Structure formats: structure tokens, C-alpha cells
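In: what follows is a protein structure lacking sequence information:
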């Protein structure tokens, strides 16, 4: 039995967010179904934010509703405030993803609230969700946990303080996000250790970007500290609104290749995932998709190994 | 005092090898001088192979001679056979880089000799060099040490056997190369450990490619096993002749970013290196240069850290 590592595919949410032309709902659903068929069982499908600010996410309620028909899929949706939480709950999300910036300055710039004040607002969201009839898993994302384009360095003390407060506020799971992509392996190691000391296994996932070309190195550092859940984007879709030209999320295909070759079980069929990527290419801006495995092809040795693993 | 990590810049050799139009000698030298000024003290500047097969390297003797005028630079040149070794010595290389494929099938396809037979030819080259008046460091590269596009899996036993034989043949240093880019972190760890057990500190360097997007992750794995010397290419130049569209060597700028942020001293001035890259862009095919740091820019936090480190 190989040890499992879970990948949450965030392409349809984080990946699309910076793609200017809205993708038609049926194309999104074709994509989500393809990802599921390739073995991805956790997909962040949309975001309950102002359709005026992010027109690309205006159909999120419909995308969630249709995604719920895929038997075996866990449907994630992002909610940034109480109104979003209500809409996400109403649509039927199974996991509500709630972002918080642990950089106080970034938080003020973003939501007009400091980090601790914003945690109070998140506590209200959590309490509201807990009062509803249907249980929803609440994943709170400690964004800018490895640095911030506004404030620069984010101290480990600030990260620990914020995650302790999120734990106390009732978050089911805490995610550390390298929102702008400033993380490096020893910082990932130190931050994960400090947050594990503070909130234990409540820390469950890393959300990494590939801004500096260190995405897989940072994932490896997290893996070595016991992290067994990562966000990733097909083709590394997305980017960073604070760094024009910067790469987006870590590439699902490359992460799958690394993890499977290291002996972990991601449940993902890599050739099937590459076929989904191929089919989606025409629906995305030219050059939006990147990644090593897709360019080089899956080596014959990978196939042989997968075959012997299932034999 | 920060611990030092050495980067050998291989752009002018491995990087250029797949660029079809020969780069003028004076442009190569401008590039090499720029790299040196940015802090790179080890540069592989050319290759003593048939100019008919690799026209790009036809001026290597002249490039070596001019590079030797740069005070403080260690000049590396590649030699694949006795004729090349004589020409490289004649030109004045300080480090002679000698490739060997540890994949027997790949070796036969490449040089019409099996791995062990090729080691005998390398022993002759080493003995010839040792008989000359001027001392030359001999770095033998165990290529395809992490897999091979011809034979697929390369066994750890084959890698260990080849490196032991290279040690016995008198190599000064042994380099493990992921020629096609099939390596993954746990394989890097296992291979480095096995080769260290066999030849100790004779193993000195890793040559990694970014084919599957795992370049920095693999470098991290090597670093964790005590490797303190890496090859890299400005802009990740190069590629893999066996995998069209595949990425090339690991990106010097991204590797420098990772190492410096982790507290190692590479001696490289990252903004100066980015400026060299910028100046060289027009001399290289469009899109040949890639990398995270160059696209995103050096974050302010990096500068602050470098400043405080020298303060």
C-alpha cells in the first residue's frame, strides 16, 4: 500500500481568475468532468465573489450545482465574506474555502480590515455555516504566509498568531498559501513546523505558486514535514496579480509525476490528465498552460512503473 | 559565515549546443565576461567535439584562450574523446569535462562503445592528460545516471559500478548528470547516497535538467545529501535532443534565488545576472530563455536580505 497524497485541483477557480474572457459554463463543466475522470477527486470549481469584480466567476453557483452531480467528487468553492458564504452554502459547496491575509498591510489593502479584525469576520462566517442544516467543511487559507508583495517579509510570529486564532475560531482545516510565490524550501520547512507546533494536524494543506521556479522544491519541503495535501493547477494556470508575467500555481501534472515517482499514490492517471489538458487548450489563452511533463511527454519508465504498481 | 555553494554556469556550452545558428565568438565572450562580473567563477565555455557535428562549438579553442584572460575565472571545456582531450589541453582548459553514459545501451548508441569499454577510453585520456606539463582538473560526468531515453531505467548498481570504475581510472571529480531529466527527489537522494558510499567526496557535483519541472526540487534533494556544487544555465537554456519541446538545464537565476534565500553563499549578484540575461536575449532565439525570477522580478525582500547580509 502506497501512502496517499491528495491534490486539490484549483484550475477552474484560481487558475481561471486571471483569464479575462469568461469561460462558458458548459466548458468549465466539461473540464471538471475530465479532471475527475483523470482521478482528481477534490476540485475547487468556483468563487462566490462579486461578479462585477470577477466576471469569470459569475456562474459559480451553477458550476457548483452541476459539479455536485459527479458522484465521488468533493466540490470546493471560495467565499471571501458573509455574503459569499451564504451564496456558497446555498449553491451546495461541500468545502468552503475562506481566505485570510496574514500580512496585516496586505489584508488592509485587500479587505479594508487588519488580519485580526478579519479573523473576527471569518469567525462570524464559520458560526453562520455551523448553524445551517447541512454540514460544510471549512478550509481557511492563511494567504501571504511566506511573504507579501505589499509588506515584504511576513514574520513567523504573525503566521503562528493568525493560525492559532483561526483554530480558535473553529476552522476545520488550515491551509498555508504562498500567494505571491516568495517561498523557498527552508522557509516552508520552518513555517510548517511552527504552525504544526501551534495547531497540530489542523494544518492540512499547502497552496504553492511557481513564481520563482521553486514550486516543486517547496512542495518537496512540505512533503518532508508531513504535508500530504496540496493545491495545484492543470498547466500551472493562473498567475499573480502583483507580479505581471509571473508563473501561476504549481503544475498538477509535474506534481503528480514527482509524487508518483517518489512512491506516493495521488490517484491521478497522468496520461488521462494530459489528454484533458490537450482538449482544454483551445478554450484558454495561447501560452496560458505550461509545465514540464506536458512538453516532454510521459517517459516510458513512468508507464512501466504504474503498470507494475497495479499488477 | 554562510556556507558556500558553487554553481558552474554551462550556458555557453550545454545551453548553446541546441541553438542552431552559431553565436559569434565575440558575443560568447561578452556573455562569459558578463557572467563572471555577476559573480560566476566557474564557467563551461566550450566543447572540443567535431565542428561538423556541432558547428556552434567550432570556435571553442578561441573562446577558451580569451576566457583564460579573465583573472579569477575557472575555465571548463568538454572533451568526448582523445582527440578532443588533446585539443582542450592545447587550448588551455583548466577543467576538462569528460562525459560517459552509464546507460550501456545509450553509450553504445552514442559512442559505439559500452559503458565499461568507454571507461577504458577515458582512462587513456586521463593518463594522457596526466603526462602533460600543465595540471588539468578532470571532471568525469556520469551521464544518464537517473534514467535514459533509450534504455529507460538505469539501475543504481550500474551507476555505482561506473562511478567506482571512474574513481579507479583516476578522475579528479565525478559528476552525476540527469541528462534527459527523468530524475525525481527520492531517486536523487538514493543515487547520491549510493555513490557517496562508493566513492566518497569524489562525487562533487550534480548536473540537472528541468525536463519534468523538477529541477529545483532535485537540486534541493542533492543539497540535503551534502552536494555543494551544481551545474546550471542562465535562462535554463538548452533542452534535450531526445525530448523535443522539453526544458533545458536548471535555471541559474532560480537556483541562485533558492540557495541565497536558504542562507547559502553562491557569490552571485542576482540583479547583475538578470541584466546579463537581458543583454543576451537578442543574441538567442526568441523564447529560448525561461525562468521564474526573470519573469517575476527580484522581490524587495531579497534585496533587503542581501543588503543586511553584507552589512
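Out: All right, it came through fine. Note that this is a predicted model, so its numbers are computed, not measured.
In: for the residue most central in space within chain A, which non-adjacent residue is spatially closest?
Out: Centrality entry for chain A: nearest residue to the mean C-alpha point is residue A:231, 3.7 Å, by CA atoms, centre = their mean. Sequence neighbours aside, residue A:207 is the residue nearest to residue A:231 in space, at 4.2 Å (criterion: CB to CB, 6 or more residues apart in numbering or on different chains). Backbone N, C-alpha and C define where each C-beta goes, glycine included.
In: pretty sure residue A:178 is one of the things the one you found touches, is it not?
Out: Yes - applying CB atoms under 8 Å, one finds residue A:207 in contact with residue A:178, separated by 6.9 Å.
In: distance of the nearest residue to residue A:61 once chain neighbours are set aside relative to chain B?
Out: Leaving out its chain neighbours, the residue that sits closest to residue A:61 by CB to CB, 6+ apart is residue A:91, at 4.1 Å. As defined by CB to the nearest CB, to the nearest Å, residue A:91 lies at a distance of 34 Å from chain B.
In: buried stuff in stretch A:133-150?
Out: For stretch A:133-150, the neighbour count (16 or more other CB atoms under 10 Å in any protein chain shown) marks A:136, A:138-150 as buried.
In: ok, for the residue in the stretch 51-200 of chain A positioned nearest to chain B, nearest residue in space, not its chain neighbours?
Out: Here the stretch 51-200 of chain A gets closest to chain B at one residue, residue A:184, 4.0 Å apart by CB to the nearest CB. Leaving aside its sequence neighbours, residue A:184 sits nearest to residue B:261 (CB to CB, 6+ apart; 4.0 Å).
In: what of residue A:142?
Out: Leaving aside its chain neighbours, residue A:142 sits nearest to residue A:102 (4.9 Å; criterion: CB to CB, 6+ apart).
In: next, find the distance separating the one you found from residue A:131.
Out: 27 Å (CB to CB, to the nearest Å).
In: look at those two and report which has more neighbours.
Out: Using other CB atoms under 10 Å in any protein chain shown, the more surrounded residue of residue A:102 and residue A:131 is residue A:102, with 30 against 7.
In: which ones are touching residue A:208?
Out: A:177-178, A:181, A:183, A:215, A:218-219, A:222, A:230-232, A:249-250 (CB atoms under 8 Å, 6 or more residues apart in numbering or on different chains).
In: how about a cut-off of 7 Å?
Out: Under the criterion of CB atoms under 7 Å, 6 or more residues apart in numbering or on different chains, the neighbours of residue A:208 are A:178, A:183, A:215, A:218-219, A:230, A:250.
In: cool, residue A:2 as well?
Out: Here residue A:2 is in contact with A:263-265 (criterion: CB under 7 Å, 6+ apart).
In: next one: residue A:165
Out: A:116, A:119.
In: tell me the bridge partners for the residue nearest to the centre of chain A.
Out: Assessed by DSSP bridges, residue A:231 has beta-bridge partners residue A:8, residue A:207.
In: could you report the pLDDT at the residue of the stretch 51-200 of chain A closest to chain B?
Out: Residue A:184 is assigned a predicted lDDT (pLDDT) of 97.
In: right, and it touches residue B:262 too?
Out: Yes - applying CB atoms under 7 Å, one finds residue A:184 in contact with residue B:262, separated by 5.8 Å.
In: which of these two has more residues huddled nearby?
Out: The neighbour comparison of residue A:184 against residue B:262 (other CB under 10 Å) goes to residue A:184, with 25 against 19.
In: so how far is residue A:239 from that one?
Out: To residue A:239, residue A:184 is 19 Å away according to CB to CB.
In: show me where the stretch 51-200 of chain A has its strands.
Out: Under the criterion DSSP state E, counting those that start in this stretch, the stretch 51-200 of chain A contains strands at A:74-79, A:95-101, A:137-143, A:173-177.
In: quick one: the ones you listed as TSV, columns for distance to residue A:31 too.
Out: Below are those laid out as TSV (distance: least, CB to CB, whole Å):
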stretch	distance to residue A:31
strand A:74-79	14
strand A:95-101	18
strand A:137-143	22
strand A:173-177	23
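In: can I get these in JSON lines with mean pLDDT?
Out: Putting the strands of the stretch 51-200 of chain A into JSON lines (pLDDT from 0 to 100) gives the following:
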{"stretch": "strand A:74-79", "mean pLDDT": "98"}
{"stretch": "strand A:95-101", "mean pLDDT": "97"}
{"stretch": "strand A:137-143", "mean pLDDT": "97"}
{"stretch": "strand A:173-177", "mean pLDDT": "98"}
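In: between those strands, which gets nearest to residue A:16?
Out: Judged by CB to CB, the one of the strands of the stretch 51-200 of chain A that comes nearest to residue A:16 is strand A:74-79, at 11.7 Å.
In: can you list the strands that that closest one pairs with?
Out: strand A:42-48 (parallel), strand A:95-101 (parallel).
In: and the contacts of the last one?
Out: Read it as strand A:95-101. Residues contacting strand A:95-101 (CB under 7 Å, 6+ apart): A:44, A:74, A:76-80, A:85, A:88, A:107, A:110, A:115, A:118-119, A:122, A:125, A:129, A:136-144, A:162, A:166.
In: now the angle from it to strand A:173-177?
Out: 50 degrees (axes from the mean of the first three to the mean of the last three CA atoms, to 10 degrees).
In: what angle sits between strand A:95-101 and strand A:137-143?
Out: Strand A:95-101 and strand A:137-143 are oriented at 20 degrees to each other (the same axes, to 10 degrees).
In: residue A:298 belongs to a strand, doesn't it?
Out: No - assigned with DSSP: H, G, I helix; E, B strand; the rest coil, residue A:298 falls outside any strand and is coil.
In: show me what contacts it?
Out: Per CB under 7 Å, 6+ apart, neighbours of residue A:298: A:270-271, A:274.
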